[in-house]
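**Student:** Using only what follows, build the 3D model:
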Amino acid sequence: MRKICVITLAVFFFAGCGGPEQKKNKELTKFQAWPANIEVRTCPGSFSREPGARKIRLEGLSGEILSAQVVVNCSSELEGLSGEISDLSGERGNVIPAESARVRYGAYLPVDETMTLTADPLLEKETVDVPANQAQSVWLTLKIPAETAPGNYSGRFAISESGGQAEVFDLAVEVLPAALPAPRQWSFYLNIWQDPSGVARAHKVKPWSEEHWALLKLYASNYAEHGMDVITAGIVYDPWESQSGYPYETTVEWKYPGEFTRGTADKFTWDFTVFDRYVQLMTEAGVDRKIDCFSMVKGPGSNKHADIRYLDTRSGRYRDIKITLGDPAWKEIWTVFLPRLREHLKEKGWYGKAFLAFDEKPRDDMRSIYDFLLSVAPDFKVSIAGGYPGDERKWSDEVILHVNELLDERNLAAIAPLIRKMRSEGRYISFYTACEPYYPNVFLFSRLREARLLPWLAWKYGLSGYLRWAVDAFPEDIWNQPNYKWHSGDMYFVYPGENGPVDGMRWELFRQGLEDYEALRIAWDMAQKAGREDLLDKLKAAVEEGTIIDSCSWIPFVGEARAKVNEVIRELGKKV
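**Tutor:** Residues are numbered from 1 along each chain as shown. Okay, the predicted model is just below:
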């Protein structure tokens, strides 16, 4: 007997429901449903040239998470929409169980930049009601179990509503003859800054309360499942000076008796309780490659502010020390703190993966910082995002280039030696996008293709991976106004749901890009071992196709490039 798993859908909408006449004639109207490419956003007026298409085909590695999209529309309101997925049956009794899949609903957000309702959050409910004349995205996510045997599997995906109409799709999945490792073993380096205090604010719980820690555990699990490698820890209060609209809480509590005076920095004490718990929580979830400690000077850019907030243990009030990068008080305080931080990190076994992190600091500022570190803490590792990478005296252990430095051919030639040097020495060198460029990027008005494209750029330019600010810096009213002063979607990939993080389509497409990268690595290794230069050339061509940004002709979906990678795995994997 075939087992059917009832998968719930969810809806969040701004448009009104159908009028009285539409409801009166509801029983006479049938809804339409058709498969759509996951790299294309659904909008309220989405349509299909082939509304009768009923085939969904996916292919991937065992252990891979794959996505599909079906769009539903009707001229009258739909009530009680729900989805069902069957087991997927393969040869010799092999089965991908229905429990390996879930269906979510693409919720609409009002995006000011385009004046358009835009689908991105993926929500879940038992059933949904769909407004009249509003296309809705139904998002199918299938995790192929790691032990699944290669081969073809088939089943069905059905969408029905309370009136009795159902639309059934043939669902075919090919499991290729290779396995995707767990995210913790991915070669791609992913550094997306987190704001744990932003989670407390969005969920309206007290920072560092047990309710907050329970939520952070859910967020940490989500980040690990999406390939995150780096823990973001504020070691001073508000290292970005509230650029997201609210302060970023420190994970290290600074304490001092009374009002600070020069020459007495040795009276400071530090409480690492929150720092330790957050690092441990993230590590246990699987985010454990690196710890970024922000920051000796506040960012981003040429800002030299380096204020220190501390708890006055005499009065019980917080005080601020107004200092700037390089001044005598700054040097005195950090001369005392850095050895204590190093000692604590070594006690916890974290020193080797802890970095002093800086955001877009220019040459003169970074040279001043390097000079200071060489005299006080020469062995501390340094990460610089979008700033001066260092020189022969002290090179950063991580350099993150802005994507524009890669897309300009003349500039790329100039930084190529730095890329080779960093990779040959085992240091991190990656790239980032920020509030610009407009394209490629991951704003709510960006094409979903762009999110999938970004990991391919890292392969093309020989980089370690990708960085972005941020994953969870939520605006005050994200569900009704998804931007603050930055572009819509610039500050987050996930959303604060009722019970924890809610994935966005951009987040799912980005993970698909990471999986593409790992599949490309697997295919490359297979072709090299087989001595197949022809297949290596095919993979190079796939990378060029997958990273097309500007063209007078139609830009292909990244999925088309991934299909070429799959062809190599399909051919060589059967011979292993």
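
**Student:** all contacts plus neighbour counts: C-alpha atoms, from now on.
**Tutor:** Fine.

**Student:** how many other residues sit next to the closest residue to Glu515 other than its chain neighbours?
**Tutor:** Of all residues not flanking Glu515 in the chain, Glu64 sits nearest, at 7.1 Å (Cα to Cα, 6 or more residues apart in numbering). Glu64 has 22 neighbours, counted by other Cα atoms under 10 Å.

**Student:** what's Arg468 in contact with, if anything?
**Tutor:** With contact set as Cα atoms under 8 Å, 6 or more residues apart in numbering, Arg468 has these partners: 191-193, 432-434.

**Student:** could you give the mean pLDDT of the host helix or strand of it?
**Tutor:** Per DSSP states H and E: Arg468 is located in strand 465-469. Mean pLDDT, strand 465-469: 97.

**Student:** Name the strands paired with that strand and say parallel or antiparallel.
**Tutor:** Looking at strand 465-469 with DSSP bridges, its partner strands are strand 189-193 (parallel), strand 428-432 (parallel).

**Student:** And the contacts of the next helix or strand after the last one?
**Tutor:** Looking back up the chat, that one is strand 428-432. Once strand 428-432 ends, the next helix or strand along the chain (criterion: DSSP H and E) is helix 448-460. For helix 448-460, the external contacting residues (Cα under 8 Å, 6+ apart) are 38-41, 430-431, 439-442, 464-466, 505-507, 509-514, 516-517, 543-544, 546-547, 557-558.

**Student:** By neighbour count, which of the contacts of Arg468 wins?
**Tutor:** Among the contacts of Arg468, Asn191 has the most neighbours (other Cα under 10 Å), with 27 neighbours.

**Student:** Could you check how far the nearest residue to that residue once chain neighbours are set aside is from Pro455?
**Tutor:** Leaving aside its chain neighbours, Asn191 sits nearest to Leu467 (4.7 Å; criterion: Cα to Cα, 6+ apart). Distance of Leu467 to Pro455, computed by Cα to Cα, to the nearest Å: 10 Å.

**Student:** now do Ile522
**Tutor:** In this structure, Ile522 and Pro455 are 15 Å apart, going by Cα to Cα.

**Student:** Tell me which residues of the helix ranked longest in the chain come out buried.
**Tutor:** Assignment by DSSP state H gives helix 505-530 as the longest helix of the chain. Of all the residues in helix 505-530, those buried under the rule 16 or more other Cα atoms under 10 Å are 505-524, 526-527.

**Student:** same check, this time on stretch 551-562
**Tutor:** Across stretch 551-562, burial judged by 16+ other Cα under 10 Å covers 557-559, 561-562.

**Student:** Switch those over to TSV; also include secondary structure and distance to Val376.
**Tutor:** Listed next are the buried residues of stretch 551-562 as TSV, based on DSSP: H, G, I helix; E, B strand; the rest coil; distance: Cα to Cα, whole Å:
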residue	secondary structure	distance to Val376
Phe557	coil	51
Val558	helix	48
Gly559	helix	50
Ala561	helix	49
Arg562	helix	49
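
**Student:** now these as a markdown table including pLDDT and distance to Lys143?
**Tutor:** Output for the buried residues of stretch 551-562, formatted as a markdown table (pLDDT from 0 to 100; distance: Cα to Cα, whole Å):
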| residue | pLDDT | distance to Lys143 |
| --- | --- | --- |
| Phe557 | 97 | 22 |
| Val558 | 98 | 20 |
| Gly559 | 98 | 17 |
| Ala561 | 98 | 21 |
| Arg562 | 98 | 18 |
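
**Student:** Closest to Ala146 out of the residues you listed?
**Tutor:** Among the buried residues of stretch 551-562, Arg562 lies closest to Ala146 (Cα to Cα), at 19.9 Å.

**Student:** Return the distance of the closest one relative to Ile549.
**Tutor:** As judged by Cα to Cα, Arg562 and Ile549 stand 16 Å apart.

**Student:** what's near enough to touch the residue nearest to Asn191?
**Tutor:** 190-193, 400, 430-433.

**Student:** okay if I get those residues as TSV plus distance to Trp479 and pLDDT?
**Tutor:** Formatted as TSV, the contacts of Leu467 follow (distance: Cα to Cα, whole Å; pLDDT from 0 to 100):
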residue	distance to Trp479	pLDDT
Leu190	27	98
Asn191	26	98
Ile192	22	98
Trp193	21	98
Ile400	31	98
Ser430	32	98
Phe431	30	98
Tyr432	26	98
Thr433	24	97
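
**Student:** which one of the residues you listed sits closest to Tyr351?
**Tutor:** Of the contacts of Leu467, the one sitting nearest to Tyr351 (Cα to Cα) turns out to be Asn191, at 18.1 Å.

**Student:** so the closest one sits right up against Val230, yeah?
**Tutor:** Yes - under the criterion of Cα atoms under 8 Å, Asn191 makes contact with Val230 at 5.2 Å.

**Student:** Helix or strand for the residue nearest to Val111 when sequence neighbours are not counted, just tell me which one.
**Tutor:** Distances taken as Cα to Cα, 6+ apart put Leu117 closest to Val111, at 6.1 Å, once the chain neighbours are dropped. Here Leu117 sits within strand 116-123, counting by DSSP H and E.

**Student:** quick one: the closest residue to Ile192 other than its chain neighbours from His402, how far?
**Tutor:** Residue nearest to Ile192 in three dimensions, not counting chain neighbours: Arg468, with 4.9 Å by Cα to Cα, 6+ apart. Arg468 sits 10 Å away from His402, going by Cα to Cα.

**Student:** what sits in contact with each of the two?
**Tutor:** Contact with both Arg468 and His402 is made by residues 432-433, according to Cα under 8 Å, 6+ apart.

**Student:** From the structure, what's the count of residues near Trp479?
**Tutor:** Burial of Trp479 is recorded as 18 neighbouring residues (other Cα under 10 Å).

**Student:** What residue, apart from its backbone neighbours, is nearest it spatially?
**Tutor:** That would be Leu109: by Cα to Cα, 6+ apart, it lies 6.4 Å from Trp479.

**Student:** Spell out which residues sit in contact with that neighbour, please.
**Tutor:** Counting by Cα under 8 Å, 6+ apart, Leu109 has contacts 13, 117-120, 479-482.

**Student:** Also Val175?
**Tutor:** 59-62, 148-153.

**Student:** Is it bridged to anything, and to what?
**Tutor:** Beta-bridge partners, per DSSP bridges, of Val175: Gly60, Gly151.

**Student:** Could you number the chain from 6 rather than 1 from now on?
**Tutor:** With 6 as the first residue, the last one maps to Val180.

**Student:** Could you measure from it over to Asn571?
**Tutor:** As judged by Cα to Cα, Val180 and Asn571 stand 10 Å apart.

**Student:** any common contacting residues for those two?
**Tutor:** Both Val180 and Asn571 are in contact with 64-65, where contact means Cα under 8 Å, 6+ apart.
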